[in-house]
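Q: coordinates only, sequence not included:
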């Protein structure tokens, strides 16, 4: 209970500081979590129940191109992160939600990496740390260590496994680039405390 109250205070102060919308916070915990607007995957290829949606990036990989100036699935994950991260349950309503869960979990991992680094971490340091994190070995659907096993299916063949690994690698690298841009938007020497206060929260009580 103490942990939950502390997290709620963190959200309240964060939203109040950034948007002046204190009323939003007091209503939010009693409402369902937000879902992805990309649940209709359209023509996107779906592997392991995860849609290979396009997003804005310069990182090489299988993600389709995405128009500049429009909100992509990664933008959406950052926008919904603070509202959704407290929830321990999530009713998946489509393939976009499965990808959203993974993105939120990886954003949480990035926050933990920055938070646990020794000494004071500036923007340049964070970018190096997160780039290393993005390139580490990681599990994919079908692996026993993959935390979203109940939400996804195993790859049907080696080609599917390679494709989903390449896509998630591209996703991780892009998020690792965007996180420092958000954390150090106001001060390149100090991460934003209204983001860092979420570093210990576990969406769905899971972590990557």
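A: Nice, thanks for sending it over. What you see is a predicted model; the values in this text were computed from it and never measured. Numbers count the residues shown, from 1 in each chain.
Q: who touches the residue lying closest to residue 175 once chain neighbours are set aside in this structure?
A: Once flanking residues are discounted, residue 175 sits nearest to residue 106: 5.5 Å by Cβ to Cβ, 6 or more residues apart in numbering. From N, CA and C alone the C-beta is placed, and that goes for glycine too. Residue 106 makes contact with 171, 172, 175, 208 under the criterion Cβ atoms under 8 Å, 6 or more residues apart in numbering.
Q: ok, the last one touching residue 138?
A: Yes - look at residue 208 against residue 138 with Cβ atoms under 8 Å: they come within range, at 7.0 Å.
Q: Scan this structure for its longest helix.
A: Secondary structure of the chain per DSSP state H: the longest helix is helix 158-183.
Q: Give the other helices and strands that that one contacts.
A: Counting contacts by 3 or more Cβ pairs under 8 Å, 6 or more residues apart in numbering; DSSP states H and E, helix 158-183 is packed against strand 46-47, helix 73-84, helix 95-116, helix 123-134, helix 193-196.
Q: Of all these, which one comes closest to residue 154?
A: Proximity to residue 154 (Cβ to Cβ) singles out strand 46-47 among the helices and strands packed on helix 158-183, at 10.4 Å.
Q: Check the offset of that closest one from the chain's centre.
A: Taking Cα atoms, centre = their mean, to the nearest Å, one finds strand 46-47 lying 19 Å from the centre of the chain it belongs to.
Q: Okay, now the sheet partners of that strand, with direction.
A: If you go by DSSP bridges, strand 46-47 pairs up with strand 50-51 (antiparallel).
Q: what's next to the strand it pairs with, contact-wise?
A: 38, 41, 44-45, 95-96, 98-99, 102, 141, 152, 164, 167.
Q: Can you list the neighbours in contact with stretch 197-205?
A: In this structure, residues lying in contact with stretch 197-205 by Cβ under 8 Å, 6+ apart are 7, 10, 14, 81-82, 84-90, 101, 104-105, 108, 111-112, 114-115.
Q: ok, back up a step: can you pull the buried residues of the longest helix of the chain?
A: Judged by neighbour count (16 or more other Cβ atoms under 10 Å), helix 158-183 contains these buried residues: 160-161, 163-180, 183.
Q: Report the central residue of this structure.
A: Among the residues of the chain, the one closest to the centroid is residue 104, at 2.5 Å (Cα atoms, centre = their mean).
Q: Could you pull up the contacting residues of that residue?
A: Going by Cβ under 8 Å, 6+ apart, residue 104 touches 77, 80, 81, 84, 85, 203.
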